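Novice: Below are the sequence and a predicted model for it; my questions follow.
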Amino acid sequence: MCAMHVSGATDTRNDALERLRRKIAKEAFVTGKEYAAATNGFAATGWIFDIKKVLLDAETLDEVSSLLLARASRDGTFQVGGIESASLPLIAGIMMKSVERGEPVNGFFIRKSRNKTGLVKIIEGVLGDERIVLVDDLMNRGRSFIKQVEVLESLGKKVDTVITILRFRDKDYYTYFHERGITVQSLFTLDDFRDLLDISALDEERLPPPMPFEVVWRFQSESPNFFYVLPKSAPAIDETLLYVGADNGNFWALRQSDGSVVWKHKVLFGARGKMIFSSPALSADTVFFGAYDGNFYALDKASGKKKWVSLEADWIGSSPCVSEELGLVYVGLEFGLWRKQGGIAALEVNTGKKIWSYPMPGLTHASPAYATRHNTVVCGCNDNNVYAFNAKTGALLWKLETGGEVKASVAIDEKRGLACFGSFDRHLYVAGLKTGKVLWKIETGESIYSTPLVYGAHVFVASLDKHLYCVNLDTGKVVWKVAAAGRVFASPEVMDGKLYIGANDGRMYELDPHTGACLGFFQATERITNKVACNTKTGDIFLPTFANEIYCLRTQPPKGTG
């Protein structure tokens, strides 16, 4: 009798699985023009599964929830969670079916990113102590699940199982989960649909990119401002210390070896919730930065004591640059004036005395860049222009108008005499340093809010279209572009022949600069909007997040080596 009951339940589940399989094949498989519109041409397979389309059918959701509940409850009590948005109906459906069964389960969900208002929580609901089962509609490389695991582990929780409706790859592929003892399950794999659909092969990636980094230490400044999702203060390093500003007005000096605080300097007020967004610049025994109290600070690197303070502006979000040859530090300025909202100033490194300045009609949030060989300082502005000045005298050399605001800094190619910068008009500009004449203008899919990086004969630039582009400086042609799973505000950096860049998906990517191939990654729990700092002597990477965190990362040897 019991055996007949089990057999009947199995037959019912098999019938439900077959109905679901055919419904997905008929209604959720997308190709052709509809596929192109959905993917903007970025995906390579020629097809996608839009399972959310069928999940919002009440009868289908009811059956799927029953099937997932049966899988999740095999090993006893559990709580169910997932990341927005596909997991939300699944979580709710499983919870409702568990109530019908008389064994209600707890539910929660993880936000892709914190809300900018309210309680700015990353997890909604209450995490219990039960076994954690995560659910989602699809699993390809497992990126979204990896982020969820990292978030939960940062809270001291362990994930037991991940379950999806459709899994794209063999279970052996998901080494990240196996190494953590996490069970990988799915209702279907791609092979279950090959008799119904023309599914081309996935890429030849046999193994996922590794996570070769260990966290040596992690520092977080209190009271991060989650409202501003954009580049903030990025770390600067010397041989032993790391310097960085924070949302709460603290400017920190940390030991690179262990993240301990050497000193801090407090900025007492700011504007519109902003305190220190300026990334520091170093010169000899001095660290420079600006703040939204309108002051520009020169502090002793060893002690944090003030050397001098310039009161030139109403606000400073710009990051400074230094000319060691001229003994000058340059910074962008912001004002609350009608016809003068911004500008640039050159100050003496030792005294803070203003040597020259130039007013601009728009806010100058952008950061100046100094070209040593050409004695030129270049700086963008919110008035859509980029300005070039004689670094010593401040004489205007040229002005180049773009179609949008220029928010970040300029990358200088000293060898070719080029200035490379992005604009909110969705273009990367490559212009001559002497003339301001545009040599190349490369279109991206969205605005550019990061500083390009010149590397040999190429320049790398990130766009808010979620892509990093590699452009040949001699031809103006895009050599390659790679996609992140979130918008990219951060700027790229290179160390030891490897390219590093973070994105809003909380992932730092390690790439081959010649091909764009992903060599590895590190998954943080918060967005990454600034570039990393690299210590080439120790090999340590200092990764900032927009939540005022600094991770010190070190490459681990491959498994099986000494």
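Specialist: Happy to help now that I have it. Residues are numbered from 1 along each chain as shown.
Novice: where in the stretch 301-450 of the chain is pLDDT low?
Specialist: Residues of the stretch 301-450 of the chain meeting the criterion pLDDT under 70: none.
Novice: Do I have it right that Ala302 meets Asp285?
Specialist: Yes - applying C-beta atoms under 8 Å, one finds Ala302 in contact with Asp285, separated by 6.8 Å. Where C-beta positions appear, they are placed from N, C-alpha and C, glycine not excepted.
Novice: since we're on Leu197, how many residues are nearby?
Specialist: Burial of Leu197, expressed as a neighbour count using other C-beta atoms under 10 Å, amounts to 15.
Novice: same thing with Arg373?
Specialist: 10.
Novice: isn't it right up against Asp413?
Specialist: No - assessed by C-beta under 8 Å, Arg373 is found out of contact with Asp413, at 10.3 Å.
Novice: State the phi and psi torsions of Lys53.
Specialist: Backbone torsions of Lys53, given as degrees, to the nearest 10, read phi -60, psi -40.
Novice: Beyond the least confident helix or strand in the chain by mean pLDDT, next helix or strand please.
Specialist: Within the chain, no helix or strand scores below helix 32-39, which has a mean of 62 by mean pLDDT, DSSP states H and E. Next helix or strand after helix 32-39 toward the C-terminus (DSSP states H and E): strand 48-49.
Novice: counting contacts, what elements does the helix or strand containing Ile344 pack onto?
Specialist: Assigned by DSSP H and E, Ile344 belongs to strand 342-348. Applying 3 or more C-beta pairs under 8 Å, 6 or more residues apart in numbering; DSSP states H and E, one finds that strand 342-348 makes contact with strand 328-334, strand 354-360, strand 376-380.
Novice: and the gap between the residue nearest the centre of the chain and Tyr330?
Specialist: Centroid-nearest residue in the chain, with C-alpha atoms, centre = their mean: Ala503, separated by 1.6 Å. With the distance defined as C-beta to C-beta, to the nearest Å, Ala503 ends up 29 Å from Tyr330.
Novice: ok, now Ala395?
Specialist: To Tyr330, Ala395 is 14 Å away according to C-beta to C-beta.
Novice: Repeat that for Arg527.
Specialist: Remark: distance between Arg527 and Tyr330 (C-beta to C-beta) = 29 Å.
Novice: Tell me which of these two has more neighbours.
Specialist: Tyr330 (29 against 25).
Novice: For that one, name its beta-bridge partners.
Specialist: Counting by DSSP bridges, Tyr330 forms beta bridges with Cys321, Ala346.
Novice: now do the one 4 residues further on
Specialist: For Glu334, the residues forming beta bridges with it (DSSP bridges) are Trp315, Gly342.
Novice: Can you name the residues that contact Phe521?
Specialist: For Phe521, the contact set (C-beta atoms under 8 Å, 6 or more residues apart in numbering) comprises 209-211, 507-510.
Novice: which among these gets closest to Val438?
Specialist: The closest of those to Val438 turns out to be Tyr509 (C-beta to C-beta; 29.6 Å).
Novice: hang on, the closest one packs against Glu493?
Specialist: No - in this structure Tyr509 lies outside contact range of Glu493 using C-beta under 8 Å: 11.3 Å.
Novice: More neighbours: those two, which one.
Specialist: Taking neighbours as other C-beta under 10 Å, Tyr509 and Glu493 compare with Tyr509 leading, 25 against 19.
Novice: does that one belong to a helix or a strand, and which?
Specialist: Per DSSP H and E, Tyr509 falls inside strand 507-511.
Novice: Contacts for that strand next, please.
Specialist: Strand 507-511 is contacted from outside by 143, 147, 209, 212, 468, 482, 484-486, 498-503, 517-524, 528, 532, 541, 543, 553, using C-beta under 8 Å, 6+ apart.
Novice: Same question for stretch 534-547.
Specialist: Contact with stretch 534-547 is made by 213, 216, 220, 224, 226, 228-230, 232-235, 237, 239, 242, 244, 256, 493, 495-496, 500, 502, 506, 508, 522, 524-530, 532-533, 550-555, as judged by C-beta under 8 Å, 6+ apart.
Novice: Filter those residues down to the buried ones, ChimeraX style.
Specialist: Buried residues among the contacts of stretch 534-547 (16 or more other C-beta atoms under 10 Å), as a ChimeraX selection:
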select :213,216,224,226,228,229,230,232,233,234,235,237,242,244,256,493,495,500,502,506,508,522,524,525,526,527,528,529,530,532,533,550,551,552,553
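Novice: and Ala234, backbone torsions?
Specialist: Main-chain dihedrals, Ala234, degrees, to the nearest 10: phi -100, psi 150.
Novice: Would you agree it is in contact with Asn548?
Specialist: No - using C-beta under 8 Å, Ala234 makes no contact with Asn548, being 11.7 Å away.
Novice: ok, what's across the strand from Asp136?
Specialist: Those that pair with Asp136 in a beta bridge, by DSSP bridges, are Thr164.
Novice: need the contact list for it.
Specialist: Counting by C-beta under 8 Å, 6+ apart, Asp136 touches 82-83, 86-87, 90, 144-145, 162-165.
Novice: Which pLDDT value belongs to it?
Specialist: Each residue has a pLDDT score; the one for Asp136 is 97.
Novice: For Tyr292, see how far away it is.
Specialist: Asp136 sits 40 Å away from Tyr292, going by C-beta to C-beta.
Novice: so where's this protein shaky on pLDDT?
Specialist: Where the chain drops to pLDDT under 70, the residues are 1-11, 33, 35-45, 116-118, 201-206, 557-562.
Novice: can you map out the helices along it?
Specialist: Along the chain, counting by DSSP state H, helices occupy 2-27, 32-39, 52-55, 58-72, 87-100, 143-154, 175-179.
Novice: Kindly reformat these as a markdown table containing distance to Met275.
Specialist: Output for the helices of the chain, formatted as a markdown table (distance: least, C-beta to C-beta, whole Å):
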| stretch | distance to Met275 |
| --- | --- |
| helix 2-27 | 50 |
| helix 32-39 | 40 |
| helix 52-55 | 40 |
| helix 58-72 | 45 |
| helix 87-100 | 35 |
| helix 143-154 | 25 |
| helix 175-179 | 37 |
